[in-house]
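**Q** predicted structure and sequence below. I'll ask about it afterward.
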Amino acid sequence: MFDFQKFPHRRYNPLIGEWVLVSPHRLERPWQGKVEETPPDSQSEYEPACYLCPGTERAGGMRNPPYADCFVFDNDYSALISELPNGQLDIDNLIIARSERGICRVVCYSPRHNLTMAELDVLDIERVVEVWTEEFIRLGSLDFINYVQIFENKGAIMGCSNPHPHCQIWANQAIPTEPSREHESQSTYYKANAGRCLLCDYLRIESENRERFVFENEHWIALVPFWAKWPFETMLLPRRHAENLSILNKSEKKSLADALKRLTTRYDNLFCAPFPYTMGFHQSPTDGEEHIFWHMHIHFYPPLLRSANVQKFMVGYEMLANTQRDFTPENAAMRLREISENHYRSTGKTEKGSR
């Protein structure tokens, strides 16, 4: 009988129509590749040279106010511009370009420089969730904005240029590539299955054996997707069908804050080190159309593989052919389930894990 925990196989991701190669027999492969330096744990609460701390001057010359909780501002070096002329290029449907309007915002989670999501109080994370919701509604209401992307890059290994706890919001004129693929897949599934939701059906299947569950609370489920490509990739999904943040009630937003705290704490505790990741919301477009088939969710893509010092790289076969992973999503979920939700800094544990 074929054993999916031992033998190589492919798994299908119905959200984006992509296959992932899983090779669990490679777990014993020795590692003599690149080893990252473990990021320092200790930083001061306030850094005068940090351009995101209260009262400091930002890189663009503006000075931050003495904020006490969340602070939101337009990115000084925005990737998108709200006002620009229309422009397009099309040569024989091969050389194609179009102008793209948009707005980029930065959300500082806390005035404290040395905290991460995992170390914020749940009440502070609730305030962050409220700010995300407010920004999603405000930016999405603009007539030229059709998609609002909320995301956080944590850690220098993920390209984060400042360790101060913050995220970004990019609001686009066009629906970006990844959400567009999910949009098409969810719409197609809805039409082909008598108005059923792709992720509602997926959650029903996952709930039957809970093998890939990490934890759950009243309104949210954290799991390792069946098709996960990153070693400890997870998704947060609301139990109730909701297209975007504006649909969530107060209790669901409180539960989301709790889930974010619990998941990011487990990540840090996995290797007893600040755990890098890219986190992002996928929600319905803000183009004024009805998108009842959309089920909002949050992706966490962390790069660490064997320890705080070893990173998974998407190179070679994965860049040229197909995404591949060694240990199975079931294995990853089991390891995350076993991790404490008491942050390692508060318990005094300092061992970094082994390669």
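**A** Looks like it arrived, so ask away.

**Q** mind listing what's buried along stretch 58-76?
**A** Across stretch 58-76, burial judged by 16 or more other CB atoms under 10 Å covers 58, 64, 70-73, 75. Using the backbone N, CA and C atoms, a C-beta is placed for each residue, glycine as well.

**Q** with distance to Phe226, pLDDT and secondary structure added, can I get the residues you listed in TSV?
**A** TSV is the format used below for the buried residues of stretch 58-76 (distance: CB to CB, whole Å; pLDDT from 0 to 100; DSSP: H, G, I helix; E, B strand; the rest coil):
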residue	distance to Phe226	pLDDT	secondary structure
Arg58	43	92	coil
Asn64	43	97	coil
Cys70	35	96	coil
Phe71	38	97	strand
Val72	36	98	strand
Phe73	39	97	strand
Asn75	36	94	coil
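
**Q** out of those residues, who's nearest Met279?
**A** Set against Met279, the nearest of these by CB to CB is Cys70 (16.4 Å).

**Q** rounded mean pLDDT for stretch 239-256, please.
**A** Average pLDDT, stretch 239-256: 98.

**Q** try stretch 307-321
**A** 87.

**Q** enumerate the positions of that stretch that are buried.
**A** Neighbour counts over stretch 307-321 (16+ other CB under 10 Å) mark 307-312, 318 as buried.

**Q** one more: stretch 134-141?
**A** 135-136, 138-140.

**Q** now those residues in JSON lines, with pLDDT and secondary structure?
**A** Output for the buried residues of stretch 134-141, formatted as JSON lines (pLDDT from 0 to 100; DSSP: H, G, I helix; E, B strand; the rest coil):
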{"residue": "Glu135", "pLDDT": "98", "secondary structure": "helix"}
{"residue": "Phe136", "pLDDT": "98", "secondary structure": "helix"}
{"residue": "Arg138", "pLDDT": "98", "secondary structure": "helix"}
{"residue": "Leu139", "pLDDT": "98", "secondary structure": "helix"}
{"residue": "Gly140", "pLDDT": "98", "secondary structure": "helix"}
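
**Q** ramachandran coordinates for the residue of the chain lying at maximal distance from its centre?
**A** Most distant residue from the mean C-alpha position of the chain: Asp92, 37.5 Å away (CA atoms, centre = their mean). Dihedral pair for Asp92: phi 60, psi 30, per degrees, to the nearest 10.

**Q** hey, where'd the strands end up in the stretch 151-300 of the chain?
**A** 166-172, 213-216, 220-223, 234-238, 277-282, 297-301 (DSSP state E, counting those that start in this stretch).

**Q** let me have the ones you listed in CSV, extended by mean neighbour count.
**A** As requested, the strands of the stretch 151-300 of the chain are exported to CSV (neighbours: other CB atoms under 10 Å):
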stretch, mean neighbour count
strand 166-172, 21
strand 213-216, 19
strand 220-223, 23
strand 234-238, 23
strand 277-282, 22
strand 297-301, 21
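
**Q** without its sequence neighbours, what residue ends up closest to Phe73?
**A** Leaving aside its chain neighbours, Phe73 sits nearest to Val106 (5.7 Å; criterion: CB to CB, 6 or more residues apart in numbering).

**Q** could you check the angle the helix or strand hosting the one you found makes with strand 166-172?
**A** Assigning secondary structure by DSSP states H and E places Val106 in strand 102-108. In terms of direction (axes from the mean of the first three to the mean of the last three CA atoms, to 10 degrees), strand 102-108 departs from strand 166-172 by 170 degrees.

**Q** so what strands line up beside strand 102-108?
**A** Here strand 102-108 has these sheet partners by DSSP bridges: strand 71-74 (antiparallel), strand 166-172 (antiparallel).

**Q** before we move on, back to that, out of the strands of the stretch 151-300 of the chain, nearest to Leu115?
**A** Among those, strand 166-172 sits nearest to Leu115 (CB to CB), with 10.9 Å.

**Q** I'd like the mean pLDDT over that closest one, please.
**A** 97.

**Q** let's have the chain start at 240 instead
**A** In the new count, where the first residue is 240, that last one comes out as strand 405-411.

**Q** contact partners of it?
**A** 291, 314, 318-319, 339, 341-348, 371, 374-375, 378-379, 381, 384-392, 518 (CB atoms under 8 Å, 6 or more residues apart in numbering).
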